[in-house]
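# could you look at this predicted model? Sequence included:
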Amino acid sequence: ALHEGSVVGMATGYALARRAPAMVIVHTTAGLGNAIGAIATARVNRAPLVILVGQQDRRHIATDPFLAGRIRGLAGEYPVWYNEPMTAQDVPAALARAHHEAVTKRGPAIVVVPMDDWSQPVDEAHVFAAATNVERTARPSEAAVANIALALNEAKNPVIISGAGNDSAEGWAAAVALAEKINAPVLQESFAGGAGFPQNHPLFAGFLSASRSTVRGQLTQFDLILSVGAPVFRQYNFEPGDMFTPGTRVFVLTQDSDEAHRSPAELAIIADLAPTLQAVTDMVNPVAKLRTSIEFKRRSVSPPAAGEPLRASQVMAALGELVSDDVILVEETPSSRPDLHDLLPAKQPLGFVSAAMGGLGFGLPAAIGLRMGSDRPVVAVLGDGSSMYAIQGLWSASKYQAGALFIILNNGRYAVMDRLDEKFGTGSPAWPAFDEVDFVELSRSLGCPAKRLSNYDDVRAALAEVVPTLASRGEPLVLVVDVEPELTFAP
């Protein structure tokens, strides 16, 4: 790749697709520094990475030679593990342990290796300080499961909050079984990096807001909240008040100890989600009918009338009519994300992928890694501003024949910043427009074919041509679609 942020983003996508660690190599302080934003995203997206950071020659590093790195602490608390092997002979074990740490803690592990270490011999008698294999099992106690089951049986109107931590085939099946047995609606956590429940299921009730006052309204009728693979709850701009009605019972199931520790819950269980959900399902009483009036209605979007500008929602509606159920949809278009949720529901695990950290520059390289790690069709829906952060990743897509489709919604500005400034700031544009940037020429200069589209019929025709080829496609394609900025933003 041409930039470290892109290569870590690609590795994150690859690791998510393969559900196994990916290895990344970056060079000393500059390389790791360029990658920190992507490393933070990998941590929050629960992507296991082994990041090998190069360092100056061990034999003179004490003299601070050119390109020597002061690397410890540079990535802050985002790595799940950090190691500088004491000797060259400790490097193989350090890398093996980094693999185990990345899998167990579901995030990026860093090993710093001086450049001369690679040429040093290793005595077979040297202690290899890492296990060859690690068996992981995390099943909760029967008492803890019984506690949740009893609470669900006693509840008059429970709700399930699904999160990205449950984005697996086993997790989806277990969550569906529980929801159907107790006839409880399911809401998706806000700002999720993935979907924890099929979004076309009859019990799917929509998306939890990132606004505290709105969340209160969404949850006011429920007397029990079961959060599965998500914390309680991710917010955006601060708002005072409670997140849910006082007296509401809250339970959390998660594999992430940080999520468990910070969630205001009566009981948080750290365990593998699918078997835990199955154990709860086996113990709860069946409920014959839905106990709530909540209903999630997806809006329909019509093509623009003659003379009307093209909007992002119309592009997404056209895409939604054409993509297959197994599409991996990568989102990085903040101002249009509610439309995407509405019009392109995740129908299979990994059907929706986004940067849970919130930083831009993830979507484009992640789509490349997801395509390289999977035989499923991959579509990335990107804002033009988002694309600018990692546009050089297209060189890698072309070089390695990662046949993803990149749709750049080109409104010539950071529209989400304008909307936020209108709500919380001065009301004047927060960021200057950049409509002079030519994404078609940028893409082509990086070896990636690209087209620019400005009207609905051309967009529909282009999508109809390319979407059916995505599962087998080797050549990436960029469609730059000129759209009007969105006038609202409600995370």
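Received it, and whenever you're ready, just let me know what you need.

# so who does the spatially most central residue of the chain touch?
Of all residues in the chain, the one closest to the mean position by C-alpha atoms, centre = their mean is residue 193, 2.7 Å from it. Applying C-beta atoms under 8 Å, 6 or more residues apart in numbering, we find residue 193 in contact with 44, 45, 46, 164, 353, 354, 355, 356. No exception for glycine: its C-beta is placed from N, CA and C like everyone else's.

# count the residues that sit near the residue lying closest to it once chain neighbours are set aside.
For residue 193, ignoring the flanking residues on the chain, the nearest one in space by C-beta to C-beta, 6 or more residues apart in numbering is residue 356 at 3.2 Å. Number of residues near residue 356 (other C-beta atoms under 10 Å) recorded here: 23.

# my guess is residue 356 meets residue 47, correct?
No: between residue 356 and residue 47 there is no contact under C-beta atoms under 8 Å: 9.9 Å.

# any idea how far residue 30 is from residue 67?
Between residue 67 and residue 30 the computed distance is 8 Å (C-beta to C-beta, to the nearest Å).

# repeat for residue 274
When distance is defined by C-beta to C-beta, residue 274 is 42 Å away from residue 30.

# repeat that for residue 313.
In terms of C-beta to C-beta, residue 313 sits 41 Å off from residue 30.

# pick out whichever of the two has more residues nearby.
With neighbours defined as other C-beta under 10 Å, residue 313 and residue 30 compare such that residue 313 has more, 19 against 12.

# for the chain, which helix is longest?
Longest helix in the chain by number of residues, with DSSP state H as the criterion: helix 28-44.

# tell me the mean pLDDT for it?
The average pLDDT within helix 28-44 is 95.

# for that helix, list the C-alpha coordinates in PDB.
The C-alpha trace of helix 28-44 is given here as PDB (Å, rounded to 0.1, in the frame of the first residue of the first chain):
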ATOM      1  CA  THR A  28       9.500   2.900  12.800                       C
ATOM      2  CA  THR A  29       7.900   6.100  14.200                       C
ATOM      3  CA  ALA A  30       6.700   7.600  10.900                       C
ATOM      4  CA  GLY A  31       5.000   4.400   9.800                       C
ATOM      5  CA  LEU A  32       3.300   3.700  13.100                       C
ATOM      6  CA  GLY A  33       2.400   7.300  13.500                       C
ATOM      7  CA  ASN A  34       0.600   7.300  10.100                       C
ATOM      8  CA  ALA A  35      -1.300   4.200  11.100                       C
ATOM      9  CA  ILE A  36      -2.500   5.200  14.600                       C
ATOM     10  CA  GLY A  37      -6.000   6.300  13.500                       C
ATOM     11  CA  ALA A  38      -6.500   3.000  11.600                       C
ATOM     12  CA  ILE A  39      -5.200   1.100  14.600                       C
ATOM     13  CA  ALA A  40      -7.700   2.800  16.800                       C
ATOM     14  CA  THR A  41     -10.500   1.800  14.400                       C
ATOM     15  CA  ALA A  42      -9.200  -1.800  14.400                       C
ATOM     16  CA  ARG A  43      -9.400  -1.900  18.200                       C
ATOM     17  CA  VAL A  44     -13.000  -0.600  18.300                       C
END
